[in-house]
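>>> The amino acid sequence is not available; the structure is as follows:
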Ligand code: MF3
Ligand code: CO
């Protein structure tokens, strides 16, 4: 079922989205060489609690993971791209770090992810991969609006990723979101324009282009959660939650300085 939010829920979605954007921005500012992934998880829990929000992850036990996630944020380093389970790892200069966070507040969820380089020197490969997922996300958002279809978003995302030279995996993609984190419709990261469900005002979508440098194949880590590139190559992931409105698409998970 595709959930359509009423204006009260949409106002709450803006609030939750801003919280997610702000937490990610704060974490990006704090993550440096020497930071442990478990510190990031703890800081995330503290910020969620302080905001009176709830984690969408800690008790989450979907078919694609082993048991409840048990943590508050996904942390993926270099070859780890999706569902990265925080563990005892200390970040190093040049690591490509992906943080993916979903929380709910007053019954409405929001989900976003950022990838960035730890420390001052960014390997060119990181720049290229992060740039490609960010441009693909922007293209997906630009293709969204009332009357457009899911396939238009998928096509826009896939075109950018392919033109940047990256293979596309279709096992995981974007999704509807609202009173819960994962809802219909699925939003593949490649597709045909004019196909799929039509977008209506009040629909919330999480768009999430992600890539691996030289493969489309994922392997599951021994932790039962973390998905890594099969070849060990680097990966990147960018995600925003957007709301379809009467006149377009509104990004809900921007950090504070980008909202004004
Ligand atoms: N937020 C992720 C997504 O973008 C899902 C993480 S599921 C978890 O859809 F269980 F790993 F937390
Ligand atoms: Co998501």
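In hand now; what should we look at? Model, not experiment: these values are computed from the prediction. Ligands and ions are numbered 1, 2, ... in the order given.

>>> and the residue lying closest to residue 202 once chain neighbours are set aside, which of the three is it?
Spatial nearest neighbour of residue 202, excluding adjacent residues (Cβ to Cβ, 6 or more residues apart in numbering): residue 4 at 4.0 Å. Just so you know, the C-beta spots here come from the backbone N, C-alpha and C atoms, and that holds for glycine as well. Following DSSP: H, G, I helix; E, B strand; the rest coil, residue 4 is assigned to coil.

>>> pLDDT score for residue 4?
Residue 4 carries a pLDDT score of 98 in this model.

>>> what's the neighbour count on it?
Other residues lying near residue 4 total 15 when counted by other Cβ atoms under 10 Å.

>>> That one contacts residue 203, correct?
Yes: applying Cβ atoms under 8 Å, one finds residue 4 in contact with residue 203, separated by 5.9 Å.

>>> what about residue 210, how many residues close to it?
By other Cβ under 10 Å, neighbour count at residue 210 equals 29.

>>> Could I get the contacting residues of it?
81, 82, 113, 133, 169, 172, 189, 235, 236, 237, 238 (Cβ atoms under 8 Å, 6 or more residues apart in numbering).

>>> Check residue 232 too.
Residue 232 makes contacts with residue 79, as judged by Cβ under 8 Å, 6+ apart.

>>> what about the residue nearest to residue 202, distance to ligand 1?
20 Å (Cβ to the nearest ligand atom, to the nearest Å).

>>> Quick check on residue 164: phi, psi?
Main-chain dihedrals, residue 164, degrees, to the nearest 10: phi -80, psi -10.

>>> Quick check: closest non-adjacent residue to it.
residue 132 (3.9 Å).

>>> Now do the contacts for the one you found.
Listed by Cβ under 8 Å, 6+ apart, the contact set of residue 132 reads 160, 161, 164, 166, 209, 211, 236.

>>> how about those, which pair is most distant?
Within the contacts of residue 132, 160 and 236 form the most distant pair, 12.6 Å apart (Cβ to Cβ).

>>> quick one: which of those two has more around it?
Legend: neighbour count by other Cβ under 10 Å for residue 160 and residue 236, higher for residue 236 (31 against 22).

>>> Does that one belong to a helix, a strand or coil?
Classified using three-state DSSP, residue 236 is strand.

>>> what sits opposite residue 96 in the beta ladder?
Under DSSP bridges, the beta-bridge partners of residue 96 are residue 117.
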